[in-house]
Structure formats: C-alpha cells, structure tokens
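Engineer: all I have is the shape, not the residue letters:
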C-alpha cells in the first residue's frame, strides 16, 4: 500500500509538471490544453448522462418487436402472409410495427382498399400482438414518401388536405382495434439526405400531430429520428415518445465503400438521456438494422450472399442486438424480418431467422 501511494503521488507530480511546462510555452500550447480539457470535460459529462439513462431504465424488461412491410415481402418474391404468420407463429413476435402506405390504400382517388392492413390487424389480434402503426406520407422503406400516382405534380396546397383526409380514414378505421398500441407519425421526418420527398415543413408535421390527437387522444404518438442526425428534439410537435433508428454499417455513396459508424453504444444512451432531460420523453429503438445494406444501384435479389454478409451475417446480427441492449433503450424493434424469411426460404440460409428466433424466445 505505501508503495502504491508513492506511485500515485509521483504520477500526480509528473502530470502537474507536464501541465506547467506546456502552459508556460507559446499561446497555442495554452489553447491546446484548454481544448483538450474542454473535450475531456464534455465527454465525461456525456458519458455520465448516458450511464444515468441506462441506470434509470434498468428495471424495464428487454422487449423485442419487428417491422413488417407486405410490399417489401412481395418485392423479395415471397408470400407476405406466410412471412407475417411465420413471424407470429415461428419467431413469436408480439410487437409489430406496421405501415399504412397512402399509395397502396388509396391508389385511386377516393377509393380505399384496406384489405391487406385489415388482415394484418386481424392476425395480430388473434395472436395477442400489439401494433405501432406508421401513418402519414413518409413511412418506412424506400422511397420513404409513399404518395399515390394521382398526387404527383400537385402543389402541397392541393395534396396536403387529401393526405389529412386519408389519415383520418386510417385512424378512424383502426382506433378501436385492441391490437393498436400507438401511432408512428411520419418516419425520420427531418432526415433530408435520404428519401424521395418534397416537403418536410414543420407546419405540416404539427398539423398532422394535432389531427391524430383530435381523432384518438388515448394512444401514444411517436416521432422517429435517425441516428445520423446529431441532437435531440425540443421543438413542437412534442410526441409522447421518440423512436430512434440505429444503423451501424452501411454503404456510403460519397466514399464508395462500406462505412462503420464510429459512435459507441453510450453515445446513443446520451442522446436518449438528453431527450429525457430536455422534454421528459422516453426514447426507444424503433428500427435496428438487422438486414444487409447493399451498395447503391444494387438489389439484394441480385447481390451475392458474400456481399450481403458484408453488412449482415449471424455474428453482426448478434453483435448489433447486444449493442442495442447496452444503450438502455427499450423496447427494441428489429428491421429486416422480410429479409430473414427470404434468406431462409429462397437462399436456404436459415441462420438469421434462427438467430432472431433466439432473441424472441429469450424475450418470452
């Protein structure tokens, strides 16, 4: 113990000597010291907030859900109903994130076809599953904004009232369902760098939020954000909860290669913690990357399995789920159930499907 104490004293004296030596030198040495000290202080504060957020959520169970989009299942050449029932029966998914594409339901102006979404709701009800329903113009999967063809070219003054009318029809149809748990309003609304969208005005989002509150004031309203955007929401509309997307490895067009985001898990805990401090609202993971992100211009249908594995294989799947759990955000919705089913039934590689089954089994 005395030796250990002497070592600490010696280290402290050495650090003071280094600091004094550099501080007495030129002005830019002082500036470097100030910048380094500021960075370390800021990082320490961020880490402290992150650990507080993880600690504050420690008692909540890890609850895993999954997104499902029938259009994407069809794109992969699958039977979407078999895909969906596989998620419910084989994987045991009991939290679902579903979509209400305007382009699908009102492909002809004034004529609604709720057949597919009605079926998805009935099966969720029969299996005791809960649904978070995406509503609005911008919803998950490319091109993000899913307006019907008859809207194209119309000014916002024309199509916004029509969108509000469509949203009203969707909410009124499903608000009595015992499976409906919450609404997701738009999808990563302010992520301008991604998606084929023409309007991201705050005024439209506020108007849509007010509409949802009016039609169904009893269910939580969720607004989602991307992990690519630094900061947290503080301006209206303020939802009941924030959803976050987390992607760890993607194809970057500007650099022409795969990009691994350098942020540690506690960075996302910090953002969730700051949201909680700023607005009092919780944040959960609404979209966790567990499917491949193939190079731009390619389709997963024509990309080799080896290339697909560059961004998602079993090891990456398990590592990504573990990463998400360390953030302390709960629940966690996995992204890619259609692909897991495609990989199992078409590529005859059940590895990701079985890995997902393990996650949902442990979730019981």
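Structural biologist: Okay, I see it. Here the structure is a predicted model, which means the values were calculated and not measured.
Engineer: quick one: strands adjacent to the one helix or strand residue 222 maps to?
Structural biologist: In this structure, residue 222 sits in strand 221-226 according to DSSP states H and E. Strands that pair with strand 221-226, judged by DSSP bridges, come out as strand 180-185 (parallel), strand 241-246 (parallel).
Engineer: neighbouring contacts of it?
Structural biologist: Residues external to strand 221-226 that are found in contact with it (Cβ atoms under 8 Å, 6 or more residues apart in numbering): 132, 182-191, 194, 205, 209, 212-213, 232-233, 237, 239-245, 286-287. (Each C-beta comes from the backbone N, C-alpha and C, glycine too.)
Engineer: swap in 7 Å and give it another go.
Structural biologist: Outside strand 221-226, the residues that touch it by Cβ atoms under 7 Å, 6 or more residues apart in numbering are 132, 182-185, 187-189, 191, 209, 212-213, 233, 239-245, 286.
Engineer: tell me the buried residues within those.
Structural biologist: Using 16 or more other Cβ atoms under 10 Å as the burial test, the contacts of strand 221-226 include 132, 182-185, 187-189, 191, 209, 212, 233, 239, 241-245, 286 as buried.
Engineer: which residues of the protein fall in helices?
Structural biologist: Here the chain has its helices, by DSSP state H, at 2-23, 27-56, 70-75, 80-85, 102-105, 115-126, 156-174, 202-215, 265-279, 305-308, 314-326, 337-345, 351-363.
Engineer: ranking these by mean pLDDT, which is last?
Structural biologist: Ranked by mean pLDDT, the helices of the chain end with helix 2-23 at the bottom, a mean of 61.
Engineer: check the gap between residue 341 and residue 83 for me.
Structural biologist: Relative to residue 83, residue 341 is positioned 5 Å away (Cβ to Cβ, to the nearest Å).
Engineer: more neighbours, the two?
Structural biologist: residue 341 (27 against 22; other Cβ atoms under 10 Å).
Engineer: list the contacts of the more buried one.
Structural biologist: Going by Cβ under 7 Å, 6+ apart, residue 341 touches 78, 83, 86, 353.
Engineer: list the contacts for the third one?
Structural biologist: Okay, so that is residue 86. Taking Cβ under 7 Å, 6+ apart, we find residue 86 in contact with residue 341.
Engineer: recalculate using a threshold of 10 Å.
Structural biologist: For residue 86, the contact set (Cβ atoms under 10 Å, 6 or more residues apart in numbering) comprises 78, 79, 93, 337, 340, 341, 344, 345, 353.
Engineer: related to what we said a few turns ago, got the angle between the strand holding residue 222 and helix 202-215?
Structural biologist: 150 degrees (axes from the mean of the first three to the mean of the last three Cα atoms, to 10 degrees).
Engineer: taking helix 265-279 as reference, get the angle to strand 221-226.
Structural biologist: 140 degrees.
Engineer: strand 221-226 - what's its average pLDDT?
Structural biologist: pLDDT averaged over strand 221-226 gives 92.
Engineer: could you give the number of residues near the closest residue to residue 129 other than its chain neighbours?
Structural biologist: Spatially, and ignoring its direct neighbours in sequence, residue 129 is nearest to residue 94 (4.7 Å; Cβ to Cβ, 6 or more residues apart in numbering). Look at residue 94: counted by other Cβ under 10 Å, it has 19 neighbours.
Engineer: torsion angles phi and psi at residue 94?
Structural biologist: Per-residue torsions, residue 94: phi -130, psi 10 (degrees, to the nearest 10).
Engineer: next up, the contacts around it.
Structural biologist: By Cβ under 10 Å, 6+ apart, the contact list for residue 94 reads 63-66, 87-88, 124, 127-130, 360, 363-364.
Engineer: format the strands paired with strand 221-226 as JSON lines; extra columns: distance to residue 201.
Structural biologist: As requested, those are exported to JSON lines (distance: least, Cβ to Cβ, whole Å):
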{"stretch": "strand 180-185", "distance to residue 201": "14"}
{"stretch": "strand 241-246", "distance to residue 201": "20"}
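Engineer: gap between residue 216 and residue 171?
Structural biologist: Separation of residue 216 from residue 171 (Cβ to Cβ) stands at 6 Å.
Engineer: cool, residue 63 as well?
Structural biologist: Counting by Cβ to Cβ, the gap from residue 63 to residue 171 is 25 Å.
Engineer: kindly report the same for residue 196.
Structural biologist: Distance, residue 196 to residue 171, using Cβ to Cβ: 25 Å.
Engineer: so these two - more neighbours on which side?
Structural biologist: Using other Cβ under 10 Å as the criterion, residue 196 and residue 171 rank with residue 171 on top: 20 against 11.
Engineer: between residue 341 and residue 83, which contacts overlap?
Structural biologist: 68, 73, 76.
Engineer: re the thing from before, identify the contacts common to residue 216 and residue 171.
Structural biologist: Jointly contacting residue 216 and residue 171 under the rule Cβ under 10 Å, 6+ apart are 180, 183.
Engineer: first-to-last residue distance for stretch 244-252?
Structural biologist: 20 Å (Cα to Cα, to the nearest Å).
Engineer: list the buried residues in that stretch.
Structural biologist: For stretch 244-252, burial by neighbour count (16+ other Cβ under 10 Å) applies to 244, 245, 246, 247, 248, 249, 250, 251.
Engineer: report the two of those residues separated the most.
Structural biologist: For those, the maximum inter-member distance is 20.9 Å, found between 244 and 251 (Cβ to Cβ).
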